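Undergrad: Predicted model and sequence below, questions to follow.
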Amino acid sequence: MNLAEATYRLTARFPKGEAYGLTAQLRRSGSSVPANIAEGYGRDSKGAYVQHLRIAQGSLKEFETHLLLAERVELVDQAVIAPLLAKAETVGKMLRSLIRSIERSE
């Protein structure tokens with residue numbers, strides 16, 4: 001949730017012309033990570049949970065890609081996205097650990 005919140009704060013500074021471009025893509029992928037974690041947790045099986053955690057991992061990679069693109073097209077400086085990329089890396093590590101833990105317990 002912290003990553004999604006930080007994404008909304010970052011993209012609020014983007015030009016209005018990006019509302020349907022990178023702003024929307026970053027917000028969608030950033031909020032998709034916790035949403036998929038929550039949806040998977042609410043399912044009745046470990047398999048469905050792991051599947052949604054993997055979808056969250058994909059959304060996280062999509063998020064990172066959009067951040068790097070925003071830097072390349074000069075919407076944001078590297079110094080601004082560095083903390084978000086670090087958070088994304090931490091979330092990715094947590095997702096991988098959680099998936100491994102669930103798979104071992106089956």
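TA: Arrived safely, thanks for sending. Residues are numbered from 1 along each chain as shown.

Undergrad: mind checking how far T90 is from Q51?
TA: Here the criterion is CB to CB, to the nearest Å. By it, T90 lies 22 Å from Q51. Heads up, the C-betas are built off the backbone N, CA and C, glycines and all.

Undergrad: Those two: who's more crowded?
TA: When T90 and Q51 are compared for neighbours, Q51 comes out ahead with 16 against 12, by other CB atoms under 10 Å.

Undergrad: Where does the more buried one sit, in terms of helix or strand?
TA: Element membership of Q51 [criterion: DSSP states H and E] is helix 46-72.

Undergrad: need the helices for this structure, in chain order.
TA: Taking DSSP state H as the test, the helices found in the chain are 2-11, 22-41, 46-72, 78-104.

Undergrad: Please identify the buried residues of the first one?
TA: Going back to what we said before, that points to helix 2-11. L3, A4, T7, L10, T11 (16 or more other CB atoms under 10 Å).

Undergrad: Residues touching stretch 18-35, excluding its own?
TA: For stretch 18-35, contacts defined as CB atoms under 8 Å, 6 or more residues apart in numbering pick out 1, 3-4, 6-8, 10-11, 14, 55-56, 59-60, 62-63, 66-67, 69-70, 73, 75, 91.

Undergrad: okay, the buried residues of helix 2-11 in TSV with distance to L98 next?
TA: Formatted as TSV, the entries for these read as follows, by distance: CB to CB, whole Å:
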residue	distance to L98
L3	15
A4	18
T7	21
L10	26
T11	27
